[in-house]
Each structure stands twice: as C-alpha cells, then as structure tokens.
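**Q** Sequence first, then the predicted structure:
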Amino acid sequence: MNDKRATLAGRFWGIRLADLGLVVVGLLISLPTCAEMLSPDIFNVQRGVPQYGDGVITPGASCTDVPSSSILSFRDALDRALCHDPKVRGAWQDIKVRAAQLGQAKAAFLPTISADYQAIRDNSKTDVHDHPTLSSSNHALIQTADISANLVLWDFGSRAAASRAARELMLASAESYRAALQTAYATVAKDYYATLGAAGAAVAMKDAMLAAKGTATAARARVEHGASAISDQLQAETSYQQAIYDSQKADSDLRAAKGILAIDMGQDPTLPYSLPDITEAQQLSGTADSSIKEMLEEATDTDPSIASALAQLNAAQAQADKIRADGLPTLSLTSKYTRNNQPASLGLGVPQYPASGRDSYVGIQVRIPIFEGFTRAYQISEARAKVAEQEESVRDARKQVAAGVWTDYESVTANEENMLSTERLMEVAERSFDAASHRYQVGAGSILEVLNAQTALARAQKQRVSSLADFATATLQLAAKLGRLQDR
C-alpha cells in the first residue's frame, strides 16, 4: 500500500514538474515577444528620434519623379533629394541605434529575472559482485526548475555614467543627422544652381550662335555686292563655326548638370524635366541682414558639427567615469528558488523512492575587484586620452566652422558685387554689338569691330549667368552653415 502511494506521488510530482517545465519554457520563448508587443519603448527613448526630414522637407512634399510638364523649383529639388539621400537616411537610422542603446543603459537599473528548467532521464544500475542483494537498478525522469532574481543596489555611479554616455551619444547622432541635412542642402543648392547656370549658358551660347550667323550672312551679302573683301566673309564664317561649337558644348554641359541633379533627387538621369530661367529663380538676399561677427557667433551656437563634437566629449567623460566606477565594489540583492523531483534512497541496495526537493535563498552580494592585472589602470588611461582627443575635436570643429562661414560670407559678398558688375557689363556689350553691327551694315565699320563686339557680348552673357548661379549657390551654402534651412 505504501509502495503504491509512493508511486502515485512520484507520478503526480513528475506530471506537476513537467507542466512547470513546459510553462517555464513557454515563458522563456514568449516573454521577449510579448515585451516587444506590449511595451516596445518602456523607457520612452524613441521620443528623442525626430521624424524623418521634420522641419526641412515640406509637409506633403512629393518624393516621386518630377513631371516633365512642370517647372522644377529649388524647393521641389531639395524635397526630392532629402527623400532619397542615403547619407541622410543613414544618419537618421543611427539616431534609432543610439536610442536603443540608451534604453539598454536604462534597463541596467531594473532587476534581472531568469528561469531554468532541466529534464533528465536517469538510468542507473549497480551490480555488487558476490552480494546481489546490494545491487540496484533505478530508472527515473529527474526534473529541475528554478527561478532567480538579481538587483544591483549600488555601483558607485557606473550605470548612471553609462546612461549619461548613451544619452550624449544619442544627442551627437541627432546633431550628425542635422549636419547630414545641411550637407545635402548645400549639395542640392550647388547642383541646382549649377544646372540653372548651365541652362542659362546654353541659351547665351545659342544667342551668340544666332548673332554670329547673322554677322556671317551680312558679310556674305557685302562680299556678293562687292562692298567687302572675301576675308570678311571667311572671318565671319570662322566665328560662326566657333559659336556652333560653343553652343554644342554648352548643351552637353547642360545635359551633364541635369543628370547630376536628377541623381541627387533619386531619379533616372535620362528622364526629362523643366527648369525655370535663372533670372526668375533669383529671389535671394545677400548678407546685409547680419555682420560677419554676428554670423560667426550664430554658427558657433547652432552648427551641428560643433554640437556633435561637444556631445561626444560629454560621452567620453561619462565613459571615463563608468570605467572608474566599474573598479569599485558593487552591492546587489540576489535571490533564487529551486524545485526538483530527485528520487531519494536510504543506501546501497535499497531502492529509490519518489521525492521532491525545494531550495530558496535571499541575500546580499558584494563584489569587490581586488586585482585585475593592471587592466583597469590602462582602461582609465585610455579613457582620459579619449577625453583629451575629443576636446581637440571640439576645437577643430569650431575652427572649421569659422573658416567655412568666413569663406562663404566673402563668397556671397564677392558674388553679389560680381552680379551687379556683370549686369552693367552685359548692357554695355549689347549696345556695343548693336552699334558695331549697324556700322558694318552701312559700310562705316569693319568686320573685326563686329566680331570683337560679338565675342565680348557672348562672354558678358556667359559671365552674367555664371554670376547669378554663383551668388545663389554661395547664399544658400551660407544659409546652410548658419542653420537657416527653413528660412530659405
């Protein structure tokens, strides 16, 4: 009767522990998934991740191909470029990476709980020679389940320093994302206005070609009527052929520039699209609103490369604090509970009996690093060197920003003056060419006078277009340096 009860109890505990084991395994499998579904961001670190292109891409902007029937504005080109720029998107994803690392650092303040389950089919047989009564043969399914918990109570600021370092690195990534936006902005500005300049140059060269054709026709008519020598016609024809070459070269440059701009926008460079006239696209102001000193101060306060370098410096200092704290004692609260159905036996030759065991403890654990082979000293030395290195990076960032703002400011000033000069130059060149053409047609001037005026007019038209493109590019690049993307 007792043996029957023992057998039933063994089966009961075996079934119970088996069920417990299945529950534990199920929890181990499902907990990460449930945690991700029920609480994807328990520490709310994702709130520091901005929406992609927030404040830069126009709300409701289209990221599709540019319709060939519409005229592509700079705003449209910028929106499409930012939609597809891989460096900008990569910098944005890096913020997410840093946010997840910040969440991991914050998770170190919570307790860790783990569960283990083990099932072993035990087959043991003992043959005692000359004493068969002491021999035994036992078969049992031994199951063990335990759950443990650990909570760090005090670590001299190691976890806090790690969390601070992760937060600063996330801020650095956010500033790097802003820097990537500014770089993309400046690239699109350069390529967009280079394309408008190439388009304007193509029109100017086409006008020069038509003017050269008109001069060649007039020279041919004068030669046919005996009013000029054949050399006039040959010089005019030479100038006309040169104008044809210049026009074809300008058309080729325009196609190359439009292809580069299309690639910036993530489009097929062979797809056609329309551009505005460069004179109509000029709606930019120069530098009259701020002095160079104010701009340098503004750039120092707002430039993302400086802010990123400062955040990385703070992260390096926090990491140095963590390394020092890791070498100090750690106080933890630890606990464990174990249950098993290990059979019991009174001794050799006595059969095993079903049994169940329980074990639990709760206590305080102190970890004291005593000797680590001088590793800690070298780690601290490395951390200090990284802090000093990052301090130099901050100085270098300030230096590079100041140099960039100064260069762009002088470029805007010079190109603004050049734009006004080329406007006056083109007006004079147009009058000079009209006068020379009229004098030649009435027989009062020479073909050289006409050709010189014609060449000067073509050069003035090309310089005018170039000055407009250079001024617009310099203005937008300076705006990017100052963080005035939305203003433009």
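**A** Alright, I've got the coordinates.
**Q** and the nearest residue to Gly197 once chain neighbours are set aside, what are its phi and psi?
**A** Take Gly197 and drop its neighbours on the chain: the residue closest to it by CB to CB, 6 or more residues apart in numbering is Ala469, 3.1 Å away. Bear in mind the C-beta positions are built from the backbone N, C-alpha and C, glycine included. Main-chain torsions, Ala469, degrees, to the nearest 10: phi -70, psi -40.
**Q** quick one: Ala469 and Tyr192 touch, right?
**A** No - shown here, Ala469 and Tyr192 do not form a contact pair, counting by CB atoms under 8 Å, at 9.2 Å.
**Q** The two: which has the busier surroundings?
**A** The residue with more neighbours, out of Ala469 and Tyr192, is Tyr192; 29 against 26, by other CB atoms under 10 Å.
**Q** Local confidence estimate at the more buried one?
**A** Looking at Tyr192, its pLDDT reads 92.
**Q** Equivalent analysis for Glu417, please.
**A** Glu417 is assigned 89 on the pLDDT scale.
**Q** just Gly10 next, same as before
**A** Predicted confidence (pLDDT) for Gly10: 49.
**Q** buried residues in stretch 142-157?
**A** Gln143, Thr144, Ala145, Asp146, Ile147, Val152, Asp155, Phe156, Gly157 (16 or more other CB atoms under 10 Å).
**Q** how close does the last one get to Gln312?
**A** I take that to be Gly157. Applying CB to CB, to the nearest Å, the value for Gly157 to Gln312 is 20 Å.
**Q** Any stretches of the protein with poor pLDDT?
**A** Within the chain, the segments meeting pLDDT under 70 span 1-39, 134, 136, 280-290, 345-350, 485-488.
**Q** Was I right to think Gln390 contacts Ser308?
**A** No - contact criterion CB under 8 Å: Gln390 and Ser308 do not qualify, at 10.7 Å.
**Q** can you map out the helices along the stretch 201-350 of the chain?
**A** 230-264, 292-302, 304-326 (DSSP state H, counting those that start in this stretch).
**Q** Just name the most buried of those helices.
**A** Across the helices of the stretch 201-350 of the chain, averaging neighbours per residue (mean count of other CB atoms under 10 Å) puts helix 304-326 on top, at a mean of 21.
**Q** which residues sit against that helix?
**A** 155-158, 161-162, 164-166, 168-169, 171-173, 175-179, 182, 300, 369, 376, 379-380, 383-384, 386-387, 389-391, 393-394, 396-398, 400-401, 483 (CB atoms under 8 Å, 6 or more residues apart in numbering).
**Q** coming back round to it: contacting residues around the residue nearest to Gly197?
**A** By CB under 8 Å, 6+ apart, the contact set of Ala469 is Tyr193, Ala194, Leu196, Gly197, Gly200, Ile278.
**Q** and the nearest residue to the fifth one once chain neighbours are set aside, how many neighbours does it have?
**A** This means Gly200. Distances taken as CB to CB, 6+ apart place Val465 nearest to Gly200, at 3.4 Å, with adjacent residues excluded. For Val465, the neighbour count with other CB under 10 Å is 25.
**Q** Buried residues of stretch 113-126, list them for me.
**A** In stretch 113-126, counting by 16+ other CB under 10 Å, buried: Ala115, Tyr117.
**Q** per-domain residue ranges of the chain.
**A** The chain is divided into the following domains under automatic domain parsing: 1-40+118-124+136-154+329-368, 71-110+157-327+378-488.
**Q** List phi and psi for the residue nearest to the spatial centre of the chain.
**A** Centroid check for the chain by CA atoms, centre = their mean gives Ala91 as the closest residue, at 1.5 Å. Ala91 adopts backbone torsions of phi -60, psi -40, taken as degrees, to the nearest 10.
**Q** Do I have it right that it meets Ala172?
**A** No - the pair Ala91 / Ala172 is not scored as a contact, 10.9 Å apart, by CB under 8 Å.
**Q** Tell me if Gln365 really is in a helix.
**A** No - Gln365 sits outside any helix when classified using DSSP: H, G, I helix; E, B strand; the rest coil, being strand.
**Q** what's near enough to touch it?
**A** Residues near Gln365 by CB under 8 Å, 6+ apart: Asn150, Leu331, Ser332, Leu333, Thr334.
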